[in-house]
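Chemist: Predicted model, plus sequence, below.
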Amino acid sequence: MKLVRFNFTIGFLAALSLPFANFANADEARKIPEGKHMLREDAMSSVQLMGQKGVMEKVPVEGRSFKEALRITVKEKCGAQWDVQIAIPSTMKLSKGDAVIVRMWARTVSAENETGEAYVSGGAQRNKAPYEKPVWSSYSIPREWQKIEFGGISNLDMPADEVMLYLHLGQNIQSLEIADLQMVNLGANVPKNLLPRLNLTYDGRKPDAPWRKTAEDSIEKIRKGDIKVMVTDADGRPVEGTDVKIRMKKHAFPFGTCVNAAFFGGEKDENSPDVKRYREEFMKLFNCAVIENHLKPPMWENPKLRACVMNALKWLKDNDILIRGHTAVWPSERNFAQSWKRIIGYKDGDPKKSREELVSSTSEDNRKKLYDAVKDHVTEIFTATKGYCFQWDVINEPYSEHTLMDLYGDQVMVEWYKAAKLADPGTRLFINDYGIVMDDNHAEHYMKTIRYLLDNGAPLEGIGEQGHYGQQPPSIPKVLKTYDMLGSFGLPVMCTEFDIDSSDEEIQADFIRDYMTTLFSHPSCGGFLMWGFWEGAHWKPEAAMLSKDWKQKPNYKAYCDLVFKKWWTDSDGKTGKDGTYGVRGFLGDYEITVVKDGKTKTEKLKLVKDGSAIVVKLDK
């Protein structure tokens, strides 16, 4: 089953949204009245497109009960989601207490956002001020054809000539197809619990899914090693019967999150309870961090913010945290430093220029100035952060952000990588992009870009897969296939920005468990980072593991159960006749404590894949 996301409007809405109609039992299904159709029989022929930034066309459909669909494309970024919308007039009134269900088939063609899904808000709405929405929902659209239904109980009366079915489509630059739109009035006195219930899932979720055994076998092989502890007396003779405690302290595998530098770099009050808790939870949960925004060009050129991020880098390094740099070049004008924008003639508030406008309006002299400014920035930021970051994203999202490549050609990417490596030879250089699992076209472009960089001498040393997901997580087999594909270059693949933006906390928890297990089992995966952990500092608040008041959500428990229980090694035992005690453990840092005749000695050990041994000599 495909997963479709729904957010519910509070106030006028009492709605349920679902990919398929599911009922508690057959009796309940029979209790639902057939209802009356509120739209004309040829409703799809009466669809009105509103907004100058959208286009609509009919397209043929094969292999479905419907033969054609409407393809709506949002061509430009909109200021509001209703800047592009479609509307169908109703043929009947809406009364307070009426139960209404909206149905449609839909699929995403393309979408310029991290999840690769088109987003829609829609339902029954008054066609004039105050534009009440008695039945309304927001949802993401999967890539494959999916039946979508949502319903609600109206709490107002509305005459027929004021009722319309609206779909707001201006959330992103996106293209989607819609077919068989219906709006059905079931009448009054229909209990809300009899409306269809949401049932979300993804392929590979079942406890007995075949991939699980393979994953466990792989984890045992590639993420663990043998620990051998030998205890001797002061003269070097083996000591039998010594108590040995093996305690894991830190994973070798990077488990991390993006962090807001303001919480570590002095921008926020260190005595604030939230700042203290943010730091505490971060240190408890993670061994790796990526700076969320402060290393991006617009913030880096601000002296105050630069000082903040340098303080944050020092704090993280002093606390033995692995650090990823993000991002040196985000190559479209909307992500330029302000000084770069001024070079090519942008003023504050100017709309984005088309590729043709940009190429034609930028003089040769200004092109040279911009070229130098970007390359100098790469050298500067890699020099300034030298010794802090074990990895750096040189380029971010080249599929959708490519202004600089439009101006200078793809070779300019190679030059940025060479400049970065020259400035900081010790950091590993990555590329980073979204939508690789969900969008085959995006993935194909990414593979070609990586191949181009390698073939043309760029010192590219790692691949980032962002891992942003909406309400429809991908199948686990698709995730495995994607990592096989990305791993074919022989470079480490990092999940760099994971989140699942869903109000369904159960599926959030299950998917983070299965996604992390899949990646931890894959030999090409070099680490897992999420894009935030606390609702109070998260770009997608519903995706967080900790609520605004620091309560643990189910995905928090799922994460901790893996990282600090299932994939954590603590062991107690006694040495044998040869003075040794051994165990197989997860790679990382350990404390080894031996106790004999009331005497205790503790040593540190780093477990590597080929195994690690330590000799603990007891004092006389």
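Modeler: Received, thanks.
Chemist: what ranges do the helices span in the stretch 251-400 of the chain?
Modeler: Along the stretch 251-400 of the chain, counting by DSSP state H, counting those that start in this stretch, helices occupy 273-285, 297-300, 303-318, 338-343, 355-361, 364-384.
Chemist: need those in a markdown table with mean neighbour count and distance to Y202, can you?
Modeler: Heads up, the C-betas are built off the backbone N, CA and C, glycines and all. Shown next, in a markdown table, are those (neighbours: other Cβ atoms under 10 Å; distance: least, Cβ to Cβ, whole Å):
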| stretch | mean neighbour count | distance to Y202 |
| --- | --- | --- |
| helix 273-285 | 15 | 25 |
| helix 297-300 | 19 | 36 |
| helix 303-318 | 17 | 34 |
| helix 338-343 | 17 | 41 |
| helix 355-361 | 12 | 37 |
| helix 364-384 | 16 | 39 |
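Chemist: mean pLDDT for those: which is lowest?
Modeler: In terms of average pLDDT, helix 355-361 trails the rest of those, at a mean of 81.
Chemist: Other residues contacting it?
Modeler: E333, I344, G345, K353, T403, D406, L407 (Cβ atoms under 8 Å, 6 or more residues apart in numbering).
Chemist: Who does the nearest residue to L49 once chain neighbours are set aside form a beta bridge with?
Modeler: Spatially, and ignoring its direct neighbours in sequence, L49 is nearest to M56 (4.4 Å; Cβ to Cβ, 6 or more residues apart in numbering). Bridge pairing for M56 (DSSP bridges) gives the partners I72.
Chemist: swap in R107?
Modeler: The partner residues for R107, given DSSP bridges, come to E177.
Chemist: Next, work out how far apart it and D203 are.
Modeler: 17 Å (Cβ to Cβ, to the nearest Å).
Chemist: How about N441?
Modeler: On the measure of Cβ to Cβ, N441 and D203 end up 21 Å apart.
Chemist: and if you look at I395?
Modeler: In terms of Cβ to Cβ, I395 sits 32 Å off from D203.
Chemist: For V244, which residues are in contact?
Modeler: When contacts are counted by Cβ under 8 Å, 6+ apart, V244 touches V229, V231, D572, G573, K574, T575, Y581, I592, T593, V594.
Chemist: ok, N441 and D203, which is more surrounded?
Modeler: D203 (16 against 12; other Cβ atoms under 10 Å).
Chemist: Let me have the helices of the stretch 251-400 of the chain in TSV, adding distance to N189 as columns.
Modeler: Formatted as TSV, these follow (distance: least, Cβ to Cβ, whole Å):
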stretch	distance to N189
helix 273-285	47
helix 297-300	56
helix 303-318	59
helix 338-343	59
helix 355-361	57
helix 364-384	65
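Chemist: And these: which comes nearest A544?
Modeler: helix 273-285 (10.9 Å; Cβ to Cβ).
Chemist: any idea how far I72 is from P207?
Modeler: 40 Å.
Chemist: Between the two, which has more neighbouring residues?
Modeler: I72 (25 against 5).
Chemist: Export only the CA atoms of stretch 114-124, formatted as PDB.
Modeler: Only the C-alpha atoms of stretch 114-124 are listed here, as PDB (Å, rounded to 0.1, in the frame of the first residue of the first chain):
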ATOM      1  CA  GLU A 114      13.100  17.300  -0.800                       C
ATOM      2  CA  THR A 115      10.500  14.600  -0.600                       C
ATOM      3  CA  GLY A 116       9.900  14.400  -4.400                       C
ATOM      4  CA  GLU A 117       6.100  14.500  -3.700                       C
ATOM      5  CA  ALA A 118       3.600  17.100  -4.900                       C
ATOM      6  CA  TYR A 119       1.600  18.800  -2.100                       C
ATOM      7  CA  VAL A 120      -2.100  19.600  -2.300                       C
ATOM      8  CA  SER A 121      -4.600  21.200   0.000                       C
ATOM      9  CA  GLY A 122      -8.300  20.900  -0.900                       C
ATOM     10  CA  GLY A 123     -11.900  20.200  -0.100                       C
ATOM     11  CA  ALA A 124     -15.200  22.000   0.200                       C
END
